[in-house]
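**Q** starting from these lines, generate the structure:
(one chain, ligands or ions: 1)
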Amino acid sequence: MTAASHGAIPPCPGTPELHPYGLPRPGRALVMGVVNVTPDSFSDGGRSFAPEAAVAHGVALLEQGADIVDVGGESTRPGAARPPVEEELRRVLPVVRRLAAAGAVVSVDTMRAEVAAQALDAGARLINDVSGGLADPAMLPLMARAGTPYVMMHWRGHSAGMQANAVYDDVVADVVDELRLRIDTALEAGIRPDRLIVDPGLGFAKTPGHNWELLGRLGEVGALGRPVLVGASRKSFLGQVLADPATGRPRPARLRDAATTAVSVLAAAQGVWCLRVHDVAATLDAVRVTARWGAETAAAARMPLQRVGA
Ligand code: PMM
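**A** This next block holds a predicted model:
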């Protein structure tokens with residue numbers, strides 16, 4: 001049985017056309033460490049809000065082996081209010097400058113072209129836009145001019161009201177169609193295809209059931225022919241699966257890292273290009289093991305496991 005017959009997306013190693021321009025190529029899924037410079041992130045409770053704390057956190061993630069550090073100054077927690085652009089710039093720029101100077105590949109998580117432009121000037125190497133270019137009409141032209149890699153996530157509106165938009169006929173087919181439209185629009189704006197990365201946007205206008213369906217059918221997202229980034233880290237659909245059986249209370253965000261690592265392994269085995277996570281050390285170990293295991297896939301396909309007693 002081949003990987004394709006499982007609906008797996010093309011694996012990361014050996015598919016050079018699926019490596020975005022100018023980014024690391026370690027022969028395994030990349031690990032993107034999250035540096036939220038926000039007072040209200042759901043997943044880390046604003047622990048790295050002060051710029052110095054955010055820089056220290058980013059450096060710690062680099063020491064753990066993060067391939068990319070993703071710096072964000074706007075919380076996308078469901079219901080979150082947006083900071084003014086000046087505030088987002090004030091949060092993000094000093095952290096980008098310092099981490100880029102330390103040699104990091106810095107990504108900036110922003111929906112605003114102004115923030116993206118200044119972050120690129122400050123040393124950022126890619127832009128992670130959770131709105132896929134929908135929030136700011138100036139974003140796609142900027143990315144076309146800048147020529148740097150660009151993550152386009154599936155998005156249906158700002159956090160304040162996004163869960164009302166979690167209505168799909170078939171979530172995977174609808175997300176893929178909407179991402180395809182974003183890719184076409186980006187290409188029309190002049191962005192080169194090898195700069196584009198797609199992301200199904202787990203938790204963004206998605207119910208827990210939608211997130212699981214997307215993870216179960218990642219191959220259909222990969223069939224768009226672009227590298228896929230997955231951001232499952234500490235999200236509430238994991239908290240629900242791990243709910244306390246006695247009380248039904250969801251597992252708190254800070255205790256969801258092992259579950260996140262399990263998702264990372266399964267997604268990496270499907271050929272996902274990059275995993276956006278809080279726990280870099282565990283994820284890096286996991287994707288290294290997954291890549292080593294994956295190298296045996298062809299041999300295993302030639303000689304399937306004998307079931308005990310079969
Ligand atoms: N999730 C969050 C923020 N940024 N970016 C991408 N590309 N994909 C995601 O899934 C994503 C993202 C929200 O999570 P956080 O509050 O833990 O950063």
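**Q** show me which residues of the stretch 51-200 of the chain are close to the ligand?
**A** 76, 109, 128, 130, 151, 153, 199 (Cβ under 6 Å from any ligand atom). Bear in mind the C-beta positions are built from the backbone N, C-alpha and C, glycine included.
**Q** got the contact list for the last one?
**A** In this case it means Asp199. 130, 151-154, 228-231 (Cβ atoms under 8 Å, 6 or more residues apart in numbering).
**Q** just name the closest of those residues to Ala53, please.
**A** The closest of those to Ala53 turns out to be Gly231 (Cβ to Cβ; 21.8 Å).
**Q** what number of residues lie near that closest one?
**A** When neighbours are defined as other Cβ atoms under 10 Å, Gly231 has 26 of them.
**Q** what does Val115 give?
**A** With other Cβ under 10 Å as criterion, Val115 counts 26.
**Q** name the element it belongs to?
**A** helix 113-121 (DSSP states H and E).
**Q** buried ones in that helix?
**A** 113-120 (16 or more other Cβ atoms under 10 Å).
**Q** again, but for stretch 185-198
**A** Within stretch 185-198, the residues that count as buried by 16+ other Cβ under 10 Å are 186, 189, 191, 194-198.
**Q** one step back: let me have the residues of the stretch 51-200 of the chain next to the ligand in a markdown table, adding distance to Arg90, pLDDT and secondary structure as columns.
**A** Converted to a markdown table, those look like this (distance: Cβ to Cβ, whole Å; pLDDT from 0 to 100; DSSP: H, G, I helix; E, B strand; the rest coil):
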| residue | distance to Arg90 | pLDDT | secondary structure |
| --- | --- | --- | --- |
| Thr76 | 18 | 84 | coil |
| Asp109 | 16 | 98 | strand |
| Asn128 | 19 | 98 | strand |
| Val130 | 20 | 97 | coil |
| Val151 | 23 | 98 | strand |
| Met153 | 24 | 98 | strand |
| Asp199 | 26 | 98 | strand |
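**Q** and the furthest pair within those?
**A** Thr76 and Val151 (13.2 Å).
**Q** tell me which of those two has more neighbours.
**A** The neighbour count for Thr76 versus Val151, taken as other Cβ under 10 Å, is higher for Val151 (27 against 24).
**Q** pretty sure the more buried one sits against Asp129.
**A** Yes. In this structure, Val151 is within contact of Asp129 by Cβ atoms under 8 Å, at 6.3 Å.
**Q** could you export stretch 249-263 as PDB, CA atoms only?
**A** This file holds the C-alpha atoms of stretch 249-263, laid out as PDB (Å, rounded to 0.1, in the frame of the first residue of the first chain):
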ATOM      1  CA  ARG A 249     -14.400  19.900  32.600                       C
ATOM      2  CA  PRO A 250     -12.000  20.400  29.700                       C
ATOM      3  CA  ARG A 251      -8.300  20.000  30.300                       C
ATOM      4  CA  PRO A 252      -6.700  23.400  30.800                       C
ATOM      5  CA  ALA A 253      -4.600  24.800  28.000                       C
ATOM      6  CA  ARG A 254      -1.200  24.500  29.900                       C
ATOM      7  CA  LEU A 255      -1.800  20.700  30.200                       C
ATOM      8  CA  ARG A 256      -2.400  20.000  26.600                       C
ATOM      9  CA  ASP A 257       1.100  19.700  25.300                       C
ATOM     10  CA  ALA A 258       1.300  15.900  25.200                       C
ATOM     11  CA  ALA A 259      -1.900  15.900  23.100                       C
ATOM     12  CA  THR A 260      -0.500  18.500  20.900                       C
ATOM     13  CA  THR A 261       2.600  16.400  20.300                       C
ATOM     14  CA  ALA A 262       0.400  13.400  19.400                       C
ATOM     15  CA  VAL A 263      -1.300  15.600  16.700                       C
END
